[in-house]
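Chemist: got a sequence here, can you model it:
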Amino acid sequence: MGFRYARLEFPSTVKLLEVTAIPISSLPETAAGFVSGEELVDRLVLNTIWSQRGNFIEVPTDCPQRDERLGWTGDAQVFSGTACWLADSDRFFRKYLLDLMHDQRSNGSLPYFTPDPTLLHLEKIRCDWAGSTGWGDAITVIPWQHYLHYGDTSLLKQCFPAMVKWLNYLWNISDGPIIHPSNVWYDDSVFGEGWTFGVWLQPVGDNRKPRSTISDDCAATFYHYISTQLATKIAQVLREDKAVQHLSGRLEEIRAAFVHEYFSLSGRLAHNDQTSYALAFLYDLVPDAQYESAKEYFRKTIEDANYLIGTGFIGTPALLPALTKVGFLDLAENVFLNREVPGWLYQVERGATTIWERWDAIAPDGTIYSPEMNSYNHYAYGAVCQWLFEQVAGVCPTADKPGFDEVLLDPQILPRLNPVSMWHQCRHGRIEASWVLDGQRVTYRVTLPSGCQG
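Modeler: Okay, here's the model as predicted:
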């Protein structure tokens, strides 16, 4: 059982000599560190390390302290890049993906969590707990992140058939590129065909006028595109020429259908929300003709929210990388360093030592939100650490020479984080990078081990 505080009770006749707490984890050794000029950010990274350490025990559980502890696939896929930065997750993810492929259904759908205990109780369950986009896409996202960090094609080869089965399942949900998932859910735990968690746990803002949110069909189609894009890249790595041709054709069909369905001629996305713009820009779904106008709509969604986060599980990992990619460093800095709820540093100021499941897990007045589903050790939103290492510190593994044989060095300077330093123990040895801003001058220092080139 995970815990933060322990209470010891014993008779007054007992003399307490020593108390030792021993953390149990499949990944007890830290493989990276990040230090900046903002103490709360450094604590956020440490909180993420502790959430990974406490949840990565045999499977990536979503919370070690409540009676659930399931290996949720959506949480694992959004965090997989950060997981590989913070610890040597090679063997851990190999094992987890074997579990996932074992639990894949005959129709290609993948479970919400794996190992899947619902398979032991099929006579009592009225539906199959499998098939959600963003969750089943763990079969493409995790192997790709694993490849980038460890440079081994064997896992890609092992998982590729399961990826193809998953993509065929997605296509067949609505017989084409746009996915229209069932919205039947939680009716005696009954889920309809292709039901999706969607954006999941997005903060609503003022309940009198909630923020715009992405629809389930749009969210599902985004991930249909993302997984097809990744599978195409993986097929290229594996030199599966027929699969490359087939998947490339599907990818273009999904892209064209997405633009037709969700983009206006002015560049505005259908739901005009942070998740939609973040995913569209990060995965190159914005048409060239509407690129500049879509950027301004993206900026407005951030400014209108007063730099408060408007994303849930699938949008949050994309938000700051997307803002950085389009050159909105000022917005990325303001969103990241915001100390109000919803925001990463709000929970740190509240004394958090691990990552919360909900942005508003504890309200500013101390009210606890929804105790029956409210974890204070839930690593998913710690996925922001990948952005800190790859964009802010500017060290990113490349797909052309994975496993840190080559790194892209391109730090993004956020003045309020000055100075920044990082280290990472990759398979070649220790990487170190730092930058210091002095007026208009930036000094960037990098140390790369033998076998790693910049």
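
Chemist: only C-alpha atoms for contact and neighbour calcs from this point on.
Modeler: Fine.

Chemist: all the helices of the chain, in order from the start?
Modeler: In the chain, the helices defined using DSSP state H lie at 39-55, 73-86, 90-102, 138-150, 153-173, 216-238, 241-262, 274-282, 291-304, 316-325, 329-337, 344-349, 384-387.

Chemist: show me the contacts for the residue nearest to the spatial centre of the chain.
Modeler: Closest to where the C-alpha atoms of the chain average out (CA atoms, centre = their mean) is V78, at 2.1 Å. Neighbour list for V78: 313-314, 317, 380, 383 [criterion: CA atoms under 8 Å, 6 or more residues apart in numbering].

Chemist: same check on N207?
Modeler: Applying CA under 8 Å, 6+ apart, one finds that N207 lies in contact with no residue.

Chemist: one more: V286?
Modeler: Contacts of V286 (CA under 8 Å, 6+ apart): 259, 280, 294.

Chemist: most surrounded residue in these?
Modeler: A294 (25 neighbours; other CA atoms under 10 Å).

Chemist: skipping adjacent residues, who's closest to that residue in space?
Modeler: Among residues not flanking A294 along the chain, G267 sits closest, at 4.6 Å (CA to CA, 6 or more residues apart in numbering).

Chemist: what about that neighbour, distance to P177?
Modeler: According to CA to CA, to the nearest Å, G267 stands 21 Å off from P177.

Chemist: returning to that earlier point: can you put the helices of the chain in JSON lines and add mean pLDDT and distance to E9?
Modeler: Below are the helices of the chain laid out as JSON lines (pLDDT from 0 to 100; distance: least, CA to CA, whole Å):
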{"stretch": "helix 39-55", "mean pLDDT": "97", "distance to E9": "25"}
{"stretch": "helix 73-86", "mean pLDDT": "98", "distance to E9": "36"}
{"stretch": "helix 90-102", "mean pLDDT": "98", "distance to E9": "37"}
{"stretch": "helix 138-150", "mean pLDDT": "98", "distance to E9": "44"}
{"stretch": "helix 153-173", "mean pLDDT": "97", "distance to E9": "49"}
{"stretch": "helix 216-238", "mean pLDDT": "97", "distance to E9": "50"}
{"stretch": "helix 241-262", "mean pLDDT": "98", "distance to E9": "60"}
{"stretch": "helix 274-282", "mean pLDDT": "98", "distance to E9": "48"}
{"stretch": "helix 291-304", "mean pLDDT": "97", "distance to E9": "50"}
{"stretch": "helix 316-325", "mean pLDDT": "98", "distance to E9": "42"}
{"stretch": "helix 329-337", "mean pLDDT": "98", "distance to E9": "41"}
{"stretch": "helix 344-349", "mean pLDDT": "97", "distance to E9": "30"}
{"stretch": "helix 384-387", "mean pLDDT": "98", "distance to E9": "39"}
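
Chemist: as CSV, the ones you listed with distance to N207 would be great.
Modeler: Shown next, in CSV, are the helices of the chain (distance: least, CA to CA, whole Å):
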stretch, distance to N207
helix 39-55, 28
helix 73-86, 26
helix 90-102, 38
helix 138-150, 32
helix 153-173, 33
helix 216-238, 20
helix 241-262, 26
helix 274-282, 18
helix 291-304, 16
helix 316-325, 20
helix 329-337, 21
helix 344-349, 20
helix 384-387, 26
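
Chemist: out of those, which gets nearest to V442?
Modeler: Nearest of those to V442, taken as CA to CA: helix 329-337 at 15.8 Å.

Chemist: just checking, what packs against that closest one?
Modeler: helix 291-304, helix 316-325, helix 344-349 (3 or more CA pairs under 8 Å, 6 or more residues apart in numbering; DSSP states H and E).

Chemist: so that helix versus helix 39-55, what angle?
Modeler: Computed by axes from the mean of the first three to the mean of the last three CA atoms, to 10 degrees, the angle separating helix 329-337 from helix 39-55 equals 60 degrees.

Chemist: now helix 329-337: buried residues?
Modeler: By neighbour count on 16 or more other CA atoms under 10 Å, the buried set for helix 329-337 is 329, 331-337.

Chemist: how about stretch 209-220?
Modeler: Quick answer for stretch 209-220 (16+ other CA under 10 Å): 211-214, 216-220.

Chemist: who's in contact with it?
Modeler: Contacts of stretch 209-220 (CA under 8 Å, 6+ apart): 133-134, 178-181, 196-199, 202, 204-205, 262, 271-276, 310.

Chemist: just stretch 92-103 next, same as before
Modeler: Identification of contacts with stretch 92-103 by CA under 8 Å, 6+ apart yields 26, 58-59, 110-111, 114-116, 139, 142, 146, 155, 159, 162.

Chemist: looking at neighbours, which among those is most surrounded?
Modeler: Highest count within the contacts of stretch 92-103 by other CA under 10 Å belongs to L110, 32 neighbours.

Chemist: so that one versus D128, what's the distance?
Modeler: L110 is 10 Å from D128, by CA to CA.

Chemist: what's the answer for H424, then?
Modeler: For H424, the distance to D128 equals 41 Å [CA to CA].

Chemist: number of residues surrounding D284?
Modeler: So D284, with other CA under 10 Å, has 12 neighbours.

Chemist: could you do the one 3 residues further on as well?
Modeler: Here the number of neighbours of P287 (other CA under 10 Å) works out to 17.

Chemist: swap in E303?
Modeler: Neighbourhood size, E303 [other CA under 10 Å]: 14.

Chemist: and it, what does it touch?
Modeler: The contact partners of E303, by CA under 8 Å, 6+ apart, come to L331.

Chemist: so the nearest residue to Y346 once chain neighbours are set aside versus V41, what's the distance?
Modeler: Leaving aside its chain neighbours, Y346 sits nearest to R339 (4.5 Å; criterion: CA to CA, 6+ apart). R339 sits 11 Å away from V41, going by CA to CA.
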